[in-house]
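Trainee: I need the structure of the sequence given here:
(one chain, ligands or ions: 1)
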Amino acid sequence: MKFDVIVIGGGPAGMSAALESARNGSKTVIIERNSFLGGILKQCIHNGFGLHYFKEELTGPEFAKRFIDLVEKEKNITIMTNTFVTKINGTNVEVSNDKGAFEINGKALVLAMGCRERTAGNILLTGSRPSGIMTAGEAQRLVNIHGKLPGKEVVILGSGDIGLIMARRLTLQGAKVKAVMEINPTTSGLRRNIVQCLDDFNIPLLMQTSIFDVVGSSRVEGIYYGQVDDKYNRIDSSKKFMSCDLIVLSVGLVPETDLVDLPLSKVTKSVFVDNNLQTAESGVFACGNFLHVHDLVDNVALESKLAGIKASEYAKGKLKKSCEYRVEAGKGISYVVPSSITNNLCEIEIRFRIRQKVTKTNFVLLDNLGNVIAKKYVLASLPGEMQTITVKAGVIKSDVTLAVEGL
Ligand SMILES: Cc1cc2nc3c(=O)[nH]c(=O)nc-3n(C[C@H](O)[C@H](O)[C@H](O)COP(=O)(O)OP(=O)(O)OC[C@H]3O[C@@H](n4cnc5c(N)ncnc54)[C@H](O)[C@@H]3O)c2cc1C
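Mentor: Numbering: from 1, shown residues only. As a prediction, this is how the structure comes out:
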């Protein structure tokens, strides 16, 4: 099988990239291991999606359906569901499905495989491994897809958006969420989710707090928990017991990079890309949660458009390099995407996250002489929020550094 552009992953990132590639005239295939398109959105039945992209408030499945309808109508797109990509060779892939194992050739490849959740093993949660410990995604699937309530007294570890959303979801479904515990001094969840998912339901958010031990043999019966210091050391004198029969883990997402053999960022845990979202491997592009964990699916869809357009241009031999400059994360910045600029012929969006909460400050992009070449003022920003700064065409003429002004 031969295509101009192969897209791995049929979530919002993959569908958005495939749509743009196909609209650009490239024969495009979406390869998805599930039996359906939509990725993780299928189980996110709450609203709040689509405000930026569709200018409407949609649920996750509604947001996904908008894209599925467009993708299914597009004649340049072939959809292969129930098909697992098992190996990547340059811009070609090996897949496995009910017809067997075979290779698909592409002139360009888009990596849109999303993330997986960190588990109890990843965070070395101690105890006798009783049942009743699961990730937020598993709990979400049980409640929203299978109609099952996985516990009655719940402790949620991690105050990222998925944990917050699940605190409200389990409460509405009849469970008692006794606390959300966050090991850091600040939450990575959006402010609106803290208010709407915790404050509105009187669910306590315990900061710099973690689970020390899990109690229970066949089923979770409770936890010993307590405070941690700035270096995450346990403060044993603060140790207390809380009964519960379910521990929900919302302790981070890890990009699905197992198939790629490229250098990975220590911060994003994913590949490095240039401003065309092209990786170090020529013709291989990356987008969506695979590239860096996004706060809003709207941003996933917008970013992935670029990957689709550029993959299509590459397949046609039209993607040109005119320069090669580095983009560094400077003071106060945790990471930047892209990490290099290979042409600044058009406007460039640099996406990034900050290290600590800031108020009434500027984000500044500095050239190699320290001159400010782009600036963005924010009233307030938290580490969990993805930020963007726009750089005009032709402005970048050296390596650049993004920083929080005044740090
Ligand atoms: C459990 C969970 C809950 C979330 N809840 C929310 C929420 O409530 N609100 C919100 O805004 N965001 C939420 N998110 C974030 C959400 O993931 C992103 O906003 C968005 O769905 C990311 O889109 P994506 O296409 O990059 O990834 P995904 O939606 O994860 O799609 C990736 C797709 O790639 C496929 N894939 C991966 N590897 C292969 C392979 N080898 N072969 C074939 N196919 C493959 C997967 O099956 C999947 O369909 C949640 C994320 C998770 C993990």
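
Trainee: When you work out contacts or count neighbours from here on, use the C-alpha atoms and nothing else.
Mentor: Will do.

Trainee: Measure how buried K321 is and give me the count.
Mentor: By the measure other C-alpha atoms under 10 Å, the count of residues near K321 is 11.

Trainee: Relative to the whole chain's centre, how far out is stretch 199-217?
Mentor: Averaging C-alpha positions (C-alpha atoms, centre = their mean, to the nearest Å) puts stretch 199-217 24 Å from its chain's average.

Trainee: Next, the buried residues of that stretch.
Mentor: Going by neighbour count (16 or more other C-alpha atoms under 10 Å), the buried part of stretch 199-217 is 203, 205-216.

Trainee: Output these as TSV; include the columns secondary structure and distance to the ligand.
Mentor: Below are the buried residues of stretch 199-217 laid out as TSV (DSSP: H, G, I helix; E, B strand; the rest coil; distance: C-alpha to the nearest ligand atom, whole Å):
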residue	secondary structure	distance to the ligand
I203	coil	18
L205	strand	19
L206	strand	21
M207	strand	22
Q208	coil	23
T209	strand	22
S210	strand	21
I211	strand	21
F212	strand	24
D213	strand	24
V214	strand	23
V215	strand	25
G216	coil	26
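
Trainee: Can you redo these as TSV, where the extra columns are pLDDT?
Mentor: Output for the buried residues of stretch 199-217, formatted as TSV (pLDDT from 0 to 100):
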residue	pLDDT
I203	98
L205	97
L206	97
M207	97
Q208	97
T209	97
S210	95
I211	95
F212	94
D213	93
V214	94
V215	94
G216	94
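
Trainee: What is the neighbour count of I194?
Mentor: I194 has 20 nearby residues by other C-alpha under 10 Å.

Trainee: Tell me the buried residues in stretch 398-406?
Mentor: Counting neighbours by 16+ other C-alpha under 10 Å, one finds that the buried residues in stretch 398-406 are 398-405.

Trainee: Let's have these in a markdown table, adding distance to the ligand, secondary structure and pLDDT.
Mentor: Converted to a markdown table, those look like this (distance: C-alpha to the nearest ligand atom, whole Å; DSSP: H, G, I helix; E, B strand; the rest coil; pLDDT from 0 to 100):
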| residue | distance to the ligand | secondary structure | pLDDT |
| --- | --- | --- | --- |
| S398 | 31 | coil | 96 |
| D399 | 29 | coil | 97 |
| V400 | 27 | strand | 98 |
| T401 | 27 | strand | 98 |
| L402 | 25 | strand | 98 |
| A403 | 26 | strand | 98 |
| V404 | 26 | strand | 97 |
| E405 | 29 | coil | 94 |
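
Trainee: Residues of the chain that sit close to the ligand?
Mentor: Applying C-alpha under 6 Å from any ligand atom, we find that the chain lies next to the ligand at 8-14, 31-34, 39-41, 44, 83-86, 112-117, 136-137, 162, 288-290, 295-297.

Trainee: Which of these fall in strands?
Mentor: 8, 31, 84-86, 115-117 (DSSP state E).

Trainee: for this structure, longest helix please?
Mentor: For the chain, the longest helix by residue count, based on DSSP state H, is helix 297-315.

Trainee: ok, residues contacting that helix?
Mentor: With C-alpha atoms under 8 Å, 6 or more residues apart in numbering as the test, helix 297-315 has contacts from 4-5, 12-14, 16-22, 24-26, 49-53, 107-110, 276-278, 283-289, 294, 319.

Trainee: run the last query once more with 7 Å
Mentor: 4-5, 12-13, 16-18, 20-21, 24, 26, 49-50, 52-53, 107-110, 276-277, 283, 285-288, 294, 319 (C-alpha atoms under 7 Å, 6 or more residues apart in numbering).

Trainee: got it, and stretch 260-268?
Mentor: Stretch 260-268 is touched from outside by 88, 270-272, 292, 335, with contacts defined as C-alpha under 7 Å, 6+ apart.

Trainee: can you redo the residues you listed as a markdown table with pLDDT and neighbour count?
Mentor: Listed next are the contacts of stretch 260-268 as a markdown table, based on pLDDT from 0 to 100; neighbours: other C-alpha atoms under 10 Å:
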| residue | pLDDT | neighbour count |
| --- | --- | --- |
| I88 | 98 | 16 |
| S270 | 97 | 23 |
| V271 | 97 | 27 |
| F272 | 97 | 23 |
| H292 | 97 | 28 |
| Y335 | 97 | 22 |
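
Trainee: Specify the local secondary structure of M181.
Mentor: strand (DSSP: H, G, I helix; E, B strand; the rest coil).

Trainee: That one: neighbouring residues, count only.
Mentor: 26.

Trainee: show me the contacts for it.
Mentor: Per C-alpha under 7 Å, 6+ apart, neighbours of M181: 156-159, 205-207, 209-210.

Trainee: coming back round to it: just give me the closest of the buried residues of stretch 199-217 to V180.
Mentor: V180 has its nearest neighbour among the buried residues of stretch 199-217 in L205, at 4.9 Å by C-alpha to C-alpha.
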